[in-house]
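Trainee: A structural model of the following input is requested.
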Amino acid sequence: MSEQSFTIIKDTFGKEGSDETVEGLTVIIDGKIKEVFDTILRKCPNYNSYTDLMSEIIVNGINKIIDDIGKIQ
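Mentor: Reported below is the predicted structural model:
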């Protein structure tokens, strides 16, 4: 992994109780990005873990993309 990196690993899983498959993602946070995450966790009591922080990042990112799409159309 590079100094400022994260890695996303994709896997496919069988959905329990059906033949459907779902995509699962593992995020590995390293380097400078890990330092940024650690700083945010220390300074923001709203986030108790990398999982809390990553969830917020994903939701905010999705909302930003939706807003950008609305501006384009």
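
Trainee: going forward, measure contacts between C-alpha atoms and count neighbours the same way
Mentor: Noted.

Trainee: in which helix or strand would I find Glu23?
Mentor: strand 21-29 (DSSP states H and E).

Trainee: Check which residues of that strand are buried.
Mentor: By neighbour count on 16 or more other Cα atoms under 10 Å, the buried set for strand 21-29 is Ile29.

Trainee: and the residue nearest in space to the middle of the chain, what helix or strand is that in?
Mentor: Central residue of the chain (Cα atoms, centre = their mean): Met54, 4.3 Å from the mean position. Taking DSSP H and E as the criterion, Met54 maps to helix 50-72.

Trainee: for that helix, packing partners?
Mentor: Using 3 or more Cα pairs under 8 Å, 6 or more residues apart in numbering; DSSP states H and E as the contact test, the elements touching helix 50-72 are helix 31-43.

Trainee: Low-confidence ranges, this protein, go.
Mentor: The model of the chain has pLDDT under 70 over residues 1-4.

Trainee: you'd agree Thr7 is up against Gly31?
Mentor: No - Thr7 lies out of contact with Gly31 (Cα atoms under 8 Å); the separation is 10.9 Å.

Trainee: The strand holding Glu23 versus helix 31-43: what angle between them?
Mentor: Put simply, strand 21-29 runs at 90 degrees to helix 31-43, going by axes from the mean of the first three to the mean of the last three Cα atoms, to 10 degrees.

Trainee: CA atoms only: put strand 21-29 into CSV for me.
Mentor: Extracted in CSV, the C-alpha atoms of strand 21-29 (Å, rounded to 0.1, in the frame of the first residue of the first chain):
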residue,chain,number,x,y,z
THR,A,21,-25.7,-13.0,-4.5
VAL,A,22,-24.6,-9.7,-3.0
GLU,A,23,-21.4,-7.8,-3.3
GLY,A,24,-19.4,-7.3,-0.1
LEU,A,25,-16.6,-4.8,0.3
THR,A,26,-13.7,-4.7,2.8
VAL,A,27,-11.9,-1.4,3.2
ILE,A,28,-8.4,-1.4,4.4
ILE,A,29,-7.3,2.1,5.6
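
Trainee: Need the residues that contact it.
Mentor: Strand 21-29 is contacted by residues Ser5, Phe6, Thr7, Ile8, Ile9, Lys10, Asp11, Thr12, Phe13, Gly14, Lys15 when judged by Cα atoms under 8 Å, 6 or more residues apart in numbering.
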